[in-house]
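A.B. asks: The following block contains a protein sequence and its predicted model.
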Amino acid sequence: MPELLLEVNGLKKYFPITGGLFGRKQGEVKAVDDVSFYVKKGETLGIVGESGCGKSTTGRLLMRLIEASSGKILFEDQEITRMSKSELRRVRRDIQMVFQDPYASLNPRHSIEQILEEPLIVHGIGTKEERRRHVRDMLDVVGLSSYHAKRYPHQFSGGQRQRIGIAKALMTKPKLIIADEPVSALDVSIQAQVLNLLKDIQNEFQLTYIFISHDLGVVRHICNRVGVMYLGRLIELAESEELYQNSYHPYTKALLAAVPIPDPDSKKEMIFIEGEMPSPANPPSGCAFHTRCSQVLDICKTTRPREHDLKGHLVACHLYNK
Ligand code: SF4
């Protein structure tokens, strides 16, 4: 098996719900509930699910932008969850994020040059001259020109701003990029260009990606393996083509059925998920999907299904207990 870059074991993030006069804890939202996976060097792992499933919280936990309630995150065998502030600063050179809304992460009062230079200044990398040269090199890598360095974020289109967001992530020569819905805010025609750019720079800079998205259609073209989350839990994970051709979990099947196919004569079976996603503050007992599952069994209502390994294809469902 290729070398692992990241290993996540039993990761949990419970947010307390407080209320009343004294702000007492009244419950908790299980945003991420016992999630485990690994990422191999050089691969792209997709994490997919509806909004509120915990995928973005998982991304933020991996960078320790928020603290985990419990669980382990190992990056190159170093435990991120236990690192001191200075150790964490060092490892953050190697792990960068690309966000859905680049505009929100680009200071509108700073020029692109200042924005791109900032991560290098934070990490004490290079002289002023070297940093400026690196800014121009990275603009070139993401398909922009050196004259763009003197401009400001509002002078760019959404697609160009995402290219700047990607250039910013590349500045410290990271090993892992966590891309959280990186193309969701873009027009469909621009989405393909940004996805192609991500693919190209992956080869050029030997990057590993975690690609977070609500859209299984987008993820298919970029990911080697895909994990599906529902209500804070990872319910299925497999090689990308295996998942698309041979998914087991009723929730994954329903998500895949909702991906549009360009062929109007396609005989694709329509599967509908009934009802709304339950609140993570009050998740259903047993299998969290049982309130919406068309194949629900009695055991599903009381017992949480454990993860079954079907020759590397992981699924948490009582129908697959071999
Ligand atoms: Fe449906 Fe039961 Fe499987 Fe959950 S465990 S997905 S409720 S069949």
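C.D. replies: Done, it's in.

A.B. asks: For the closest residue to Ser146 other than its chain neighbours, grab the count of nearby residues.
C.D. replies: What sits nearest to Ser146 in space, not counting adjacent residues and going by CB to CB, 6 or more residues apart in numbering, is Arg136, at 4.3 Å. For every residue, glycine as well, the C-beta is placed using N, CA and C. By the criterion of other CB atoms under 10 Å, Arg136 has 17 neighbours.

A.B. asks: Which element, helix or strand, includes Arg136?
C.D. replies: For Arg136, the enclosing helix or strand under DSSP states H and E is helix 128-141.

A.B. asks: contact partners of the next helix or strand after that helix?
C.D. replies: Using DSSP H and E, the helix or strand that follows helix 128-141 towards the C-terminus is helix 158-170. Counting contacts by CB atoms under 8 Å, 6 or more residues apart in numbering, the residues outside helix 158-170 that touch it are 96-99, 102-103, 105-106, 112, 115-116, 118-119, 138-139, 141-144, 148, 153, 156, 177, 182-183, 185-187, 190, 193-194, 197-198, 201, 205.

A.B. asks: Out of these, which end up buried?
C.D. replies: For the contacts of helix 158-170, a burial check counting by 16 or more other CB atoms under 10 Å picks out 96-99, 102-103, 105-106, 112, 115-116, 119, 138-139, 141-144, 148, 153, 156, 177, 182-183, 185-186, 190, 193-194, 197-198, 201.

A.B. asks: Give the full set of residues in contact with Asp140.
C.D. replies: Neighbour list for Asp140: Ser146 [criterion: CB under 8 Å, 6+ apart].

A.B. asks: if we can go back for a sec, could you tell me which of the contacts of helix 158-170 belong to helices?
C.D. replies: Per DSSP state H, helices hold the following members of the contacts of helix 158-170: 102-103, 105, 112, 115-116, 118-119, 138-139, 141, 190, 193-194, 197-198, 201, 205.

A.B. asks: The ligand next: which of those residues are close?
C.D. replies: Contacts with the ligand are made by none of these, judged by CB under 6 Å from any ligand atom.

A.B. asks: surely the residue nearest to Ser146 meets His148?
C.D. replies: No - here Arg136 lies out of contact with His148, judged by CB atoms under 8 Å, at a distance of 9.3 Å.
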